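K.L.:
Pasted the sequence and its predicted model underneath.
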Amino acid sequence: MPDGMKNLTPRKAMLVQLWDENPIFRQVLGICSSLAVTNRLFNTLLMCAGLAWATSMSSLTASLLRNWIPQRVRIMVSVLIIAVYVIVVDIALRVFFAEVHKDIAAYVGLIVTNCIVLGRVEAFASKNKPLASLADGLGAALGYSFMLLAVATVREVLGFGTFCGLPISLGAVTLKDWMAAHNAQWVIMVMPPGAFFVLASMVWIVRAIAMRGQPAASEAKGGAA
Amino acid sequence: MTFLAQSVTSIEAGPAIGLLTILVSAALTENILLTRFLGLCPFLAISRNLKSAFGMGLAVIVVTTCTVWLNSLLYQHVLKPAEAYGVPAESLKLILFIVVIAAFVQLLEMVIERISLKLYFALGIFLPLITVNCAILGAALFMVNKGFTGLDALMYGFGCGLGWFVAIVLMAGIRWKLRKARVPAALEGPGIALIVAGIMAMAFVIFTGMIKT
């Protein structure tokens, strides 16, 4: 795995995470805590912002402390570092977005066990310089957010007929009213199975694009880690 | 997702029925994996092989049941009372739960190693993975959200673990059959697993009718 790479420049570290090693469609990791909130774009946006903050800040912190953390308790310390930043996110959401916080509070807490956050801290920040680690964490979170926001957009538009809670205009009527009149909401999109289907389609599309011109290699990289 | 909220209202129907309702809704209608997407990473990674799926599922049942109960006791009797003295219980519960889960898993690993080497080799490799399985922490957080205490919490933890176990074992069986199927190259591995999971989630939605509202 390229995870062992050392001494990347911050810019390179971020780009690798955005495409070559994108956590979701390359590794299919870390979707656990966030997939559940993707039926509303706005909730997803807040969740992704929280995740980006937690990933980049805990990568930075873990990298700054990397020479002081004893090897034996490293994972525990990493988890505690992450938990501190997640609690900050939780408090910020409670203060600024009280309504949304009620819906997604449990999932925000679950960022702590998100494989991506701990994964970046473990695989990259524990052996790289602070700035590169910050960029690596931010890149992973952005690559991840981009996929989740795409999933959320599809689910909300097809399921509710709105975009980020705003009505979509179709000339004379809004999409939502048109859907209600024609009974055309895709209820499945709002329900949990919809998330699986949309995500699977995204993984399919992105992998098909990435695989163009190298059909023979598909066998080797077909699986999750 | 209105059906998710429905089952909560029927819980006051007497102690025995209440417990059964909690169990069934946690294991089937609100399946932690298929409706909440928790524990999806190990679910996708380990469901290729029926035997490992079984081992991982069992480990999750044991750990979820015990840690949800332990966490509920500590939350009710230590953290909640401390709130009166200015301790921010809502924020600290996250750290409490993680530490309890990590400590419990470590302890369980040592105990199993002493008691039965055979069991240790069957379950042992899955135990370290469990610390970062979000289903375990998720079950504890939802337990607090739903206000379960005592026996209810124990039953809820068991139900969550059972639901995860059922889902991963079913998935492993389906993936075993899928070996012979011709899946498009780009969809192989996690892609097709996600689609199968989606179909399973649709099947589990049907259980919603079992819980009266």
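P.N.:
Looks like it arrived, so ask away.

K.L.:
Output the below-cut-off pLDDT ranges for chain A.
P.N.:
Along chain A, segments meeting pLDDT under 70 span A:1-7, A:19-29, A:213-225.

K.L.:
closest point of chain B to chain A, which residue?
P.N.:
In chain B, the residue found nearest to chain A is B:Gly198; the distance is 3.1 Å by CB to the nearest CB. All C-beta spots, glycine's among them, are computed from the backbone N, C-alpha and C.

K.L.:
And the closest residue to that residue other than its chain neighbours, how far from B:Leu34?
P.N.:
In space, B:Gly198 comes closest to A:Phe196 once its chain neighbours are excluded; the distance is 3.1 Å by CB to CB, 6 or more residues apart in numbering or on different chains. Distance of A:Phe196 to B:Leu34, computed by CB to CB, to the nearest Å: 8 Å.

K.L.:
count of residues packed around B:Phe97?
P.N.:
29 (other CB atoms under 10 Å in any protein chain shown).

K.L.:
any idea which helix or strand carries it?
P.N.:
helix B:89-115 (DSSP states H and E).

K.L.:
Tell me the helix or strand right after that helix.
P.N.:
helix B:117-123.

K.L.:
show me where pLDDT drops low in chain B?
P.N.:
B:1-17, B:124-125, B:132, B:211-213.

K.L.:
quick one, helices of it?
P.N.:
Taking DSSP state H, the helices of chain B run over residues B:2-6, B:15-24, B:40-46, B:50-74, B:80-82, B:89-115, B:117-123, B:127-130, B:134-146, B:150-178, B:190-205.

K.L.:
The third one near chain A at all?
P.N.:
It stands for helix B:40-46. Yes. Against chain A, helix B:40-46 shows contacts by CB under 8 Å from any CB of the partner chain at B:40-41, B:44-45.

K.L.:
So of the residues you listed, which two are at opposite extremes in space?
P.N.:
B:Leu40 and B:Ala45 (9.5 Å; CB to CB).

K.L.:
The two: who's more crowded?
P.N.:
A count of neighbours by other CB under 10 Å puts B:Leu40 above the other of B:Leu40 and B:Ala45, at 29 against 21.

K.L.:
Hmm, the more buried one is touching A:Ile31, no?
P.N.:
Yes. The pair B:Leu40 / A:Ile31 is scored as a contact, 5.6 Å apart, by CB atoms under 8 Å.

K.L.:
who touches the residue nearest to B:Glu113 when sequence neighbours are not counted in this structure?
P.N.:
The shortest distance from B:Glu113 to any non-neighbouring residue, by CB to CB, 6+ apart, is to B:Tyr120 (4.8 Å). By CB atoms under 8 Å, 6 or more residues apart in numbering or on different chains, the contact list for B:Tyr120 reads B:109, B:112-113.

K.L.:
Repeat that for A:Pro70.
P.N.:
A:Pro70 touches nothing, counting by CB under 8 Å, 6+ apart.

K.L.:
rerun that using 10 Å as the cut-off
P.N.:
Contact criterion CB atoms under 10 Å, 6 or more residues apart in numbering or on different chains gives A:Val77 as the residues in contact with A:Pro70.

K.L.:
cool, the one 3 residues further on as well?
P.N.:
A:Val73 is in contact with A:Leu80, counting by CB under 10 Å, 6+ apart.

K.L.:
for B:Phe158, same thing?
P.N.:
So B:Phe158 contacts B:19, B:22-23, B:26-27, B:61-62, B:64-66, B:68-69, B:139 (CB under 10 Å, 6+ apart).

K.L.:
The residue lying closest to B:Thr149 once chain neighbours are set aside and B:Gly173, how far apart?
P.N.:
Nearest in space to B:Thr149, with sequence neighbours left out and distances taken as CB to CB, 6+ apart, is B:Gln76 at 5.5 Å. Applying CB to CB, the value for B:Gln76 to B:Gly173 is 39 Å.

K.L.:
Next: B:Ile61.
P.N.:
With CB to CB as the criterion, B:Ile61 and B:Gly173 are 18 Å apart.

K.L.:
element containing the residue nearest to B:Gly198, please.
P.N.:
helix A:192-211.

K.L.:
in that helix, what's buried?
P.N.:
Neighbour counts using 16 or more other CB atoms under 10 Å in any protein chain shown place A:192-204, A:206-207, A:210 of helix A:192-211 among the buried residues.

K.L.:
who does that helix touch, helix- and strand-wise?
P.N.:
With contacts taken as 3 or more CB pairs under 10 Å, 6 or more residues apart in numbering or on different chains; DSSP states H and E, helix A:192-211 sits against helix A:32-35, helix A:130-160, helix A:187-190, helix B:190-205.

K.L.:
okay, it in CSV with CA atoms only?
P.N.:
Written as CSV, here are the backbone C-alpha positions of helix A:192-211 (Å, rounded to 0.1, in the frame of the first residue of the first chain):
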residue,chain,number,x,y,z
PRO,A,192,-32.0,3.1,4.1
PRO,A,193,-31.8,0.8,1.0
GLY,A,194,-31.6,3.8,-1.2
ALA,A,195,-28.3,4.8,0.3
PHE,A,196,-26.8,1.4,-0.5
PHE,A,197,-28.1,1.6,-4.1
VAL,A,198,-26.9,5.1,-4.8
LEU,A,199,-23.5,4.5,-3.2
ALA,A,200,-23.1,1.3,-5.2
SER,A,201,-23.9,3.1,-8.4
MET,A,202,-21.3,5.8,-7.6
VAL,A,203,-18.6,3.3,-6.8
TRP,A,204,-19.5,1.5,-10.0
ILE,A,205,-19.3,4.7,-12.2
VAL,A,206,-16.1,6.0,-10.6
ARG,A,207,-14.3,2.6,-10.8
ALA,A,208,-15.4,2.2,-14.4
ILE,A,209,-13.9,5.6,-15.2
ALA,A,210,-10.7,4.8,-13.3
MET,A,211,-10.4,1.4,-15.0
